[in-house]
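Got a predicted model here, sequence first, then my questions.
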Amino acid sequence: MNTTRTYRVNGMTCDHCVGAVTRELGSLDSVADVQVELATGDVTVRSGRPLDDAEVAAAIDEAGYELAS
């Protein structure tokens, strides 16, 4: 079962930010694709299972950014 969910990430300002967030989220189990819209801070994640908000927040934190509430 594929799921797609969009998150809002605070603090991204450049392509380096996009790469860091993409790498961290892409390393989560079952994540198939990560698309980042830098202008809005929207990050769309496609995965083979529903992701837990805490694991997504931890990955974004590891990249150096914050999941918007």
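Sure thing, it's come through.

And the closest residue to Asn10 other than its chain neighbours, how far from Val21?
Once flanking residues are discounted, Asn10 sits nearest to Glu66: 4.6 Å by Cβ to Cβ, 6 or more residues apart in numbering. C-beta: built from backbone N, CA, C; applies to glycine. Remark: distance between Glu66 and Val21 (Cβ to Cβ, to the nearest Å) = 11 Å.

More neighbours: which of the two?
Between Glu66 and Val21, counting by other Cβ atoms under 10 Å, Val21 is the more crowded of the two (25 against 14).

returning to what we had before: anything in contact with each of Glu66 and Val21?
The contact sets of Glu66 and Val21 overlap at 9, 60 (Cβ atoms under 8 Å, 6 or more residues apart in numbering).

got the buried residues for the helix or strand hosting Thr44?
Using DSSP states H and E, Thr44 sits in strand 42-47. Buried residues in strand 42-47, counted by 16 or more other Cβ atoms under 10 Å: 43, 45, 47.

do the same with stretch 18-28
Buried residues in stretch 18-28, counted by 16+ other Cβ under 10 Å: 18, 20-22, 24-25, 28.

Make JSON lines out of the residues you listed and add secondary structure and pLDDT.
Shown next, in JSON lines, are the buried residues of stretch 18-28 (DSSP: H, G, I helix; E, B strand; the rest coil; pLDDT from 0 to 100):
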{"residue": "Val18", "secondary structure": "helix", "pLDDT": "97"}
{"residue": "Ala20", "secondary structure": "helix", "pLDDT": "98"}
{"residue": "Val21", "secondary structure": "helix", "pLDDT": "98"}
{"residue": "Thr22", "secondary structure": "helix", "pLDDT": "98"}
{"residue": "Glu24", "secondary structure": "helix", "pLDDT": "98"}
{"residue": "Leu25", "secondary structure": "helix", "pLDDT": "98"}
{"residue": "Leu28", "secondary structure": "coil", "pLDDT": "97"}
